[in-house]
Every structure is written in C-alpha cells, then in structure tokens.
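[1] how would this look folded up:
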Amino acid sequence: MSRLVNFFKTIRNNWKKSLFATGAITYGSFYGLEVY
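    Below you'll find the predicted structure:
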C-alpha cells in the first residue's frame, strides 16, 4: 500500500512528466496495434 501512495506522490510532484509518459505509452500502443 505504501508503494501505491509513494507512486501517487511522485505523479503529483511530476505530473507534467507523467502526463507526457502516459500520452507516449497510449500513442505507442495505438501505433503498435495499427502496425501489427
């Protein structure tokens, strides 16, 4: 449970990086689905 809380604290502190990472992963998965 503490790892989850720590994870959310990190996201709150670096929300711009997290947003970019989420967008990159989402885009990558959609791109991967189209290619294969």
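[2] need the helices for this structure, in chain order.
    Along the chain, the segments classed as helices by DSSP state H run 2-13, 15-35.
[3] burial of the residue nearest to T10 when sequence neighbours are not counted, as a residue count?
    Nearest-residue entry for T10: S18, 7.8 Å, with adjacent residues in sequence omitted and distances by CB to CB, 6 or more residues apart in numbering. In this view, the C-beta of every residue, glycine as well, is placed from N, C-alpha and C. Using other CB atoms under 10 Å, S18 has 15 other residues around it.
[4] do the same with the one 10 residues further on
    G28 sits with 10 neighbouring residues when counted by other CB under 10 Å.
[5] tell me the confidence at it?
    In this model, G28 is scored at 92, pLDDT.
[6] next one: F7
    pLDDT, F7: 86.
[7] what's the answer for the one 3 residues further on, then?
    T10 carries a pLDDT score of 87 in this model.
[8] distance of it from F20?
    14 Å (CB to CB, to the nearest Å).
[9] try I11
    12 Å.
[10] of these two, who's got more company?
    Neighbours per residue (other CB under 10 Å) separate I11 from F20, with I11 holding more: 14 against 11.
[11] pull the contacting residues for the more buried one.
    S18 (CB atoms under 8 Å, 6 or more residues apart in numbering).
[12] try it again at 10 Å.
    Contact analysis of I11 by CB atoms under 10 Å, 6 or more residues apart in numbering lists K17, S18, L19, A21, T22.
[13] how near is it to F30?
    22 Å.
[14] one more: S2?
    Taking CB to CB, one finds S2 at 33 Å from F30.
[15] between these two, who's got more neighbours?
    F30 (10 against 6).
[16] tell me how many other residues crowd K17.
    Neighbours of K17 using other CB under 10 Å come to 11.
[17] look at it and report its pLDDT.
    For K17, pLDDT reads 90.
[18] so who does the residue nearest the centre of the chain touch?
    Residue closest to the mean C-alpha point of the chain, counted by CA atoms, centre = their mean, is T22 at 3.1 Å. T22 is in contact with I11, counting by CB under 10 Å, 6+ apart.
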